[in-house]
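Engineer: Sequence and computational prediction follow.
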Amino acid sequence: MTDVVVIGAGNAGMCAALAARAAGADVIVLEAAAKDAYGSDSYFSGGLFRLAYDSLTQIERITGPMGVEGAKGVEDFAAYPQADFLSDWGRITGYRTDPELSAVIVEQSLDALSWLAQIGVPFRSPIVVDGSGRARHSRPGWHGGFIEAAAAGPGLTEALLSLAEKADARISYGTTAVALEQVPDQRGWTVRCRNAGGGSTAFPAQTVVVASGGFQADAEWRARVLGPGWDLAKVRGSRHNTGGGIRAALAAGAASHGNWSGCHAVAWSVGSGDSGRRDANHVFERESHPFGVTVNVHGRRFIDEGSDFGAYTYAKYGREILAQAGQTAWQIFDAKASDLQTSEYRYKNPEAARTTGGSLPELAHRLVARGVDAGSLAATVAEFNRAVDESVPFSPYIKDGRRTSGLAIDKTNWAVALDTPPFEAYEVTCGITFTFGGLKVDTRARVLDAAGDPVPGLYACGEAVGGLYYFNYASGTGLTSGTVLGRIAGRGAARAAKRSAA
Ligand SMILES: Cc1cc2nc3c(=O)[nH]c(=O)nc-3n(C[C@H](O)[C@H](O)[C@H](O)COP(=O)(O)OP(=O)(O)OC[C@H]3O[C@@H](n4cnc5c(N)ncnc54)[C@H](O)[C@@H]3O)c2cc1C
């Protein structure tokens with residue numbers, strides 16, 4: 001019998017596995033994907049981790065020297081205190097986030113990420129110095145404190161998998177957990193699995209950590225709980241995150257928790273695949289909406305693109321796009337925005353779904369082939385341009401209050417007339433990242449039952465946990481949550497396994 005069986009080899013599961021190994025437990029990680037086609041959400045991610053810190057020195061201990069001393073505006077990044085992280089998290093979730101879980105994640109964010117760096121995951125700072133000598137986040141419009149895995153999600157994954165190999169934590173690829181059965185007298189678990197090549201295997205374990213992600217890749221489950229139309233969303237990450245671990249734990253007595261009708265969903269290029277593409281996933285990111293306008297097929301705006309920093313709006317605007325005719329929208333920019341767009345907008349391949357025009361009428365005319373009402377689009381932009389308050393200076397670094405007035409939906413920050421050619425339109429749809437409903441856990445990552453008692457020997461972390469996010473999400477929280485709760489789960493599962501074996 002293995003001490004700890006971890007279901008899912010993403011960031012949360014690997015953090016649990018490494019923490020359990022370090023605590024002396026033997027560990028097997030079950031992973032649904034085949035080894036040569038492996039791609040968890042953590043793999044597809046941008047590798048940005050949100051964390052609380054009190055000085056840049058604390059960050060540099062993780063990332064190495066940032067090289068930003070003396071840069072203008074560097075004081076904006078000097079600290080991101082725990083109180084600010086918690087208040088940003090609370091504000092954007094309508095103060096519904098589980099207060100104890102979010103507090104533990106925030107309080108341990110610096111320590112857990114320092115641990116990850118110490119054991120060998122390479123990080124860098126996302127703070128760059130731009131051409132004017134100003135320090136800014138590499139993703140303009142991002143807000144909060146961050147570090148970034150070197151080489152993003154693939155770099156993070158490579159580091160975690162090679163650490164697991166060195167630590168002798170075995171990974172069984174092509175192994176999908178389908179059921180969890182408690183051994184009588186609470187003496188461990190049997191994890192029943194379907195093998196990729198056919199057949200099944202049963203893994204006996206003292207303790208189990210469920211780290212198999214959300215249910216976003218199950219179109220039917222999405223439509224049933226997120227609502228009509230959600231079966232049509234594109235999946236940004238792993239096609240294996242169909243909620244198998246959540247389903248098995250619920251059937252074994254776990255309580256469900258959180259915002260089951262909510263999810264993280266973004267503007268995502270229509271040229272993407274139906275789930276994450278290992279060769280080119282980052283090409284499809286479209287997070288620069290604060291610096292342009294977004295219209296639907298009727299040529300009408302339907303969101304306040306500048307209601308908050310992009311870090312606090314991108315994860316909720318996918319839902320708004322899904323609600324538009326054809327589940328489609330176009331992000332329109334003029335040449336002034338090109339330095340503010342994230343690097344993903346630089347790809348000009350067909351999957352970028354990009355249309356350009358030397359004038360707005362030309363751009364609008366070219367979009368007719370995509371079904372867009374060109375006359376309405378031209379009128380929307382002309383009306384938008386007239387409504388911009390030119391007296392307020394534009395600044396991408398703060399919520400500048402440069403807004404429109406008198407529109408049906410005003411843009412309340414970063415409003416700039418679209419008047420400088422060339423103009424660009426990027427066609428986007430809704431890309432779902434992960435679902436918010438999941439398993440109920442306590443601050444020791446122990447899965448709870450309906451009575452609020454721990455289910456013996458059962459732990460959960462990562463997207464499989466419910467109660468952390470409601471309606472919306474602060475960028476970079478997913479990976480941090482997976483690391484903090486993954487480490488807690490791994491240590492707890494290792495200790496419980498030793499007790500149970502004694
Ligand atoms: C395109 C993209 C960009 C993102 N960028 C960021 C970012 O920069 N910062 C951030 O914080 N978050 C980001 N996220 C979100 C972040 O990736 C997730 O919150 C986090 O990686 C979740 O980690 P996890 O370990 O819970 O899930 P995953 O990393 O998805 O791991 C779950 C694993 O479980 C496996 N699995 C599923 N079901 C089973 C089963 N029944 N049996 C066995 N194995 C199973 C899956 O194959 C997968 O490998 C991004 C997500 C995407 C898709």
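Structural biologist: Thanks, I have the structure now.
Engineer: In the stretch 301-450 of the chain, mark out all the helices, start to finish.
Structural biologist: Using DSSP state H, counting those that start in this stretch, the helices of the stretch 301-450 of the chain run over 314-322, 360-367, 374-387.
Engineer: Please list the residues of the stretch 1-150 of the chain that sit near the ligand.
Structural biologist: Counting by CB under 6 Å from any ligand atom, the positions of the stretch 1-150 of the chain adjacent to the ligand are 7-13, 30-33, 40-42, 44-49. The C-beta positions use only the backbone N, C-alpha and C, and glycine is treated the same way.
Engineer: In strands only, show me the residues you listed.
Structural biologist: Ile7, Leu30, Leu48, Phe49 (DSSP state E).
Engineer: Tell me, how many residues neighbour the first one?
Structural biologist: Ile7 is surrounded by 31 other residues when neighbours are defined as other CB atoms under 10 Å.
Engineer: Mind picking the one among the ones in strands among the residues of the stretch 1-150 of the chain next to the ligand that's closest to Ala493?
Structural biologist: Set against Ala493, the nearest of those by CB to CB is Ile7 (11.6 Å).
Engineer: shouldn't that closest one be in contact with Val27?
Structural biologist: No: contact criterion CB atoms under 8 Å: Ile7 and Val27 do not qualify, at 11.8 Å.
Engineer: So which residue of the chain lies furthest out from the middle?
Structural biologist: Relative to the centre of the chain, the most outlying C-alpha is that of Ala502, 39.8 Å out, by CA atoms, centre = their mean.
Engineer: Which of the helices or strands spans the nearest residue to Ala103 once chain neighbours are set aside?
Structural biologist: In space, and not counting its chain neighbours, Ala103 is closest to Leu86: 6.5 Å by CB to CB, 6 or more residues apart in numbering. In this assignment (DSSP states H and E), Leu86 forms part of helix 82-92.
Engineer: Show me what that helix is in contact with.
Structural biologist: 50-52, 97, 102-103, 106-107, 109, 143-145, 308, 312, 471-474, 477 (CB atoms under 8 Å, 6 or more residues apart in numbering).
Engineer: how much does that helix deviate in direction from helix 314-322?
Structural biologist: Interaxial angle of helix 82-92 relative to helix 314-322 (axes from the mean of the first three to the mean of the last three CA atoms, to 10 degrees): 10 degrees.
Engineer: near the ligand, which residues of the stretch 201-350 of the chain?
Structural biologist: So far as CB under 6 Å from any ligand atom goes, the stretch 201-350 of the chain lies against the ligand at Ala211, Ser212, Gly213, Arg236, Gly237, Ser238, His240, Asn241, Gly244, Gly245, Asn281.
Engineer: Could I get these in JSON lines, plus columns for distance to Leu360 and pLDDT?
Structural biologist: JSON lines is the format used below for these (distance: CB to CB, whole Å; pLDDT from 0 to 100):
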{"residue": "Ala211", "distance to Leu360": "49", "pLDDT": "98"}
{"residue": "Ser212", "distance to Leu360": "47", "pLDDT": "98"}
{"residue": "Gly213", "distance to Leu360": "42", "pLDDT": "98"}
{"residue": "Arg236", "distance to Leu360": "31", "pLDDT": "97"}
{"residue": "Gly237", "distance to Leu360": "35", "pLDDT": "96"}
{"residue": "Ser238", "distance to Leu360": "40", "pLDDT": "96"}
{"residue": "His240", "distance to Leu360": "43", "pLDDT": "97"}
{"residue": "Asn241", "distance to Leu360": "41", "pLDDT": "98"}
{"residue": "Gly244", "distance to Leu360": "49", "pLDDT": "98"}
{"residue": "Gly245", "distance to Leu360": "49", "pLDDT": "98"}
{"residue": "Asn281", "distance to Leu360": "31", "pLDDT": "77"}
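Engineer: From the residues you listed, pick the one nearest Val416.
Structural biologist: Among those, and counting by CB to CB, the member closest to Val416 is Arg236, at 28.6 Å.
Engineer: wait, isn't the closest one in contact with Val266?
Structural biologist: Yes: judged on CB under 8 Å, Arg236 makes contact with Val266 at a distance of 7.2 Å.
Engineer: related to what we said a few turns ago, list the contacts of the residue farthest from the centre of the chain.
Structural biologist: Contacts of Ala502 by CB under 8 Å, 6+ apart: none found.
Engineer: number of nearby residues for Ser405?
Structural biologist: 10.
Engineer: same question, the one 3 residues further on
Structural biologist: Using other CB under 10 Å, Ala408 has 8 other residues around it.
Engineer: any idea how far it lies from Thr380?
Structural biologist: Ala408 sits 10 Å away from Thr380, going by CB to CB, to the nearest Å.
Engineer: Same question for Ala205.
Structural biologist: Counting by CB to CB, the gap from Ala205 to Thr380 is 58 Å.
Engineer: Kindly report the same for Ala19.
Structural biologist: For Ala19 relative to Thr380 (CB to CB), the value is 52 Å.
Engineer: How about Gly486?
Structural biologist: For Gly486 relative to Thr380 (CB to CB), the value is 46 Å.
Engineer: rewinding a little: so what's in contact with Arg236 and Val266 at the same time?
Structural biologist: Common neighbours of Arg236 and Val266 (CB under 8 Å, 6+ apart) are Gly431, Thr433.
Engineer: In terms of packing, which of the two has more residues around it?
Structural biologist: Shown here are Arg236 and Val266; by other CB under 10 Å, Arg236 has more neighbours (28 against 25).
Engineer: Let me see the contact set for the more buried one.
Structural biologist: Neighbours of Arg236 in contact, by CB under 8 Å, 6+ apart: Asp41, Phe44, Val266, Trp268, Ser272, Ser275, Gly276, Asn281, Phe284, Gly431, Ile432, Thr433.
Engineer: give me that answer again for 7 Å
Structural biologist: By CB atoms under 7 Å, 6 or more residues apart in numbering, the contact list for Arg236 reads Phe44, Trp268, Gly276, Gly431, Ile432, Thr433.
Engineer: Equivalent analysis for Ala202, please.
Structural biologist: Thr190, Arg192.
Engineer: looking at this, it is in a helix?
Structural biologist: No: Ala202: not assigned to a helix; according to DSSP: H, G, I helix; E, B strand; the rest coil it is strand.
Engineer: coming back round to it: any buried residues in the helix holding Leu86, and which?
Structural biologist: Gln82, Phe85, Leu86, Asp88, Trp89, Ile92 (16 or more other CB atoms under 10 Å).
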